[in-house]
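Chemist: Next one to model:
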Amino acid sequence: MSRTSRKSRILVLGGGGVTGIAWELGILAGLRDAGVDLTDADTVVGTSAGSVVGTQITSGTPLETLYARQLRSAEGEVTAKLPLSMLARWIWALTTERDLRRARARIGRLGHAHSVSSLEERRRTISARLPTTEWPDADLWITAVDAHTGERRVFDRGSGVPLVDAVMASCAVPGVWPPALVNGRPHIDGGLHSSCNADLAAGYERVVVLSPTTRTAGPLPSAADDLARIDARTTLITPDDPAQSQMGRNPLDPAFRAAAARAGRAQAPAIAKSVAETWTGD
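Modeler: As a prediction, this is how the structure comes out:
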């Protein structure tokens, strides 16, 4: 897959759990209300939660339908959580290894040893969140990290990797979900490379990044770090204060999903003008 030719517009969707999915869809729906349609991007990049949103918005499913699904009751859904002890191990690996690839591989081993779900359960959960199991015609890139080497992988419809496998890999939070097998190799959350992998937008003229999280683990690059190295018109969107309060402290808690979606939609009007200037302005 070639990413060297310069294209116009790329939408980058970062990680942030189930509340991140909801907030991103709320932002996208609210921006469309204001006349700014980010779903017409030339390319969509999805990391972790963003891989789910990217798959959803390129599936042909109406955006309003996707947003409405976030408002459903969370009754009966399981709440997951990244233990603080596991997060501490992440940070220890990232800060004590000089080579971040080796640090990511260490975290991958931790994820394999401490996951609390089976691959079969994860496949059912991920499949239920996707409107389709087939790659879209749109240019969708999904990021993950090879758990053995610590290197980033980017999957698209030409990669030969089934869509569900790619999304499972991108969403495989170490210590919560098991590493996903892609062509027999274990892969973990793409957010272990960077929060949004916005560096993949290099070569595009107009870049909009939705990042549900404003913090990164240890030295991992943030969306702002990635964008600072890109020569393009860029806009970075993160949750405002009201949205952060509505999203709760655990991004894996579906009880906050509906509130996060509404908060994203409520935030969108205030940023619509600046986003439009990046996306369609002269």
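Chemist: hmm, who's touching the helix or strand Ala88 falls within?
Modeler: Element membership for Ala88, per DSSP states H and E: helix 84-96. Residues from elsewhere that reach helix 84-96, judged by C-beta atoms under 8 Å, 6 or more residues apart in numbering: 100, 103-104, 106-107, 110, 114, 174-176, 217-220. C-beta: built from backbone N, CA, C; applies to glycine.
Chemist: 10 Å instead, please
Modeler: 82-83, 100, 102-111, 114, 150, 173-176, 192, 216-220 (C-beta atoms under 10 Å, 6 or more residues apart in numbering).
Chemist: Which residue, other than its chain neighbours, is closest to Trp23?
Modeler: Nearest non-adjacent residue to Trp23, counting by C-beta to C-beta, 6 or more residues apart in numbering: Gly264, 4.1 Å away.
Chemist: helices or strands up against the helix or strand harbouring Ala169?
Modeler: Following DSSP H and E, the helix or strand that holds Ala169 is helix 163-170. The contact analysis (3 or more C-beta pairs under 10 Å, 6 or more residues apart in numbering; DSSP states H and E) places helix 163-170 against strand 43-47, helix 49-57, helix 119-129, strand 139-146, strand 152-155, strand 180-182, strand 185-189.
Chemist: same for the longest one, what does it pack against?
Modeler: Which is helix 119-129. helix 49-57, helix 163-170, strand 180-182.
Chemist: now do the fourth one
Modeler: If contacts are counted by 3+ C-beta pairs under 10 Å, 6+ apart, strand 139-146 sits against strand 7-13, strand 43-47, helix 49-57, helix 100-114, strand 152-155, helix 163-170, strand 180-182, strand 185-189.
Chemist: what mean pLDDT does that strand have?
Modeler: If you average the pLDDT over strand 139-146, you get 98.
Chemist: circling back: sort out which of the contacts of helix 84-96 are buried, if you could.
Modeler: 82, 100, 103-111, 150, 173-176, 192, 216-217, 220 (16 or more other C-beta atoms under 10 Å).
Chemist: Just list the residues touching the residue at minimal distance from the centre of the chain, thanks.
Modeler: With distances taken as C-alpha atoms, centre = their mean, Gly50 lies nearest the centre of the chain, 2.5 Å away. Contact analysis of Gly50 by C-beta under 10 Å, 6+ apart lists 11-16, 20-21, 24, 44, 142-143, 170-171, 190-191, 195-197, 209-212.
Chemist: can you check Ala103 too?
Modeler: Neighbours of Ala103 in contact, by C-beta under 10 Å, 6+ apart: 90-97, 150, 192, 217-220.
Chemist: Distance to Pro131 and pLDDT added to those, as a markdown table?
Modeler: Shown next, in a markdown table, are the contacts of Ala103 (distance: C-beta to C-beta, whole Å; pLDDT from 0 to 100):
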| residue | distance to Pro131 | pLDDT |
| --- | --- | --- |
| Trp90 | 32 | 88 |
| Ile91 | 36 | 89 |
| Trp92 | 39 | 92 |
| Ala93 | 36 | 91 |
| Leu94 | 35 | 90 |
| Thr95 | 40 | 91 |
| Thr96 | 42 | 92 |
| Glu97 | 39 | 90 |
| Gly150 | 32 | 96 |
| Leu192 | 26 | 95 |
| Ala217 | 31 | 73 |
| Gly218 | 35 | 74 |
| Pro219 | 36 | 84 |
| Leu220 | 30 | 87 |
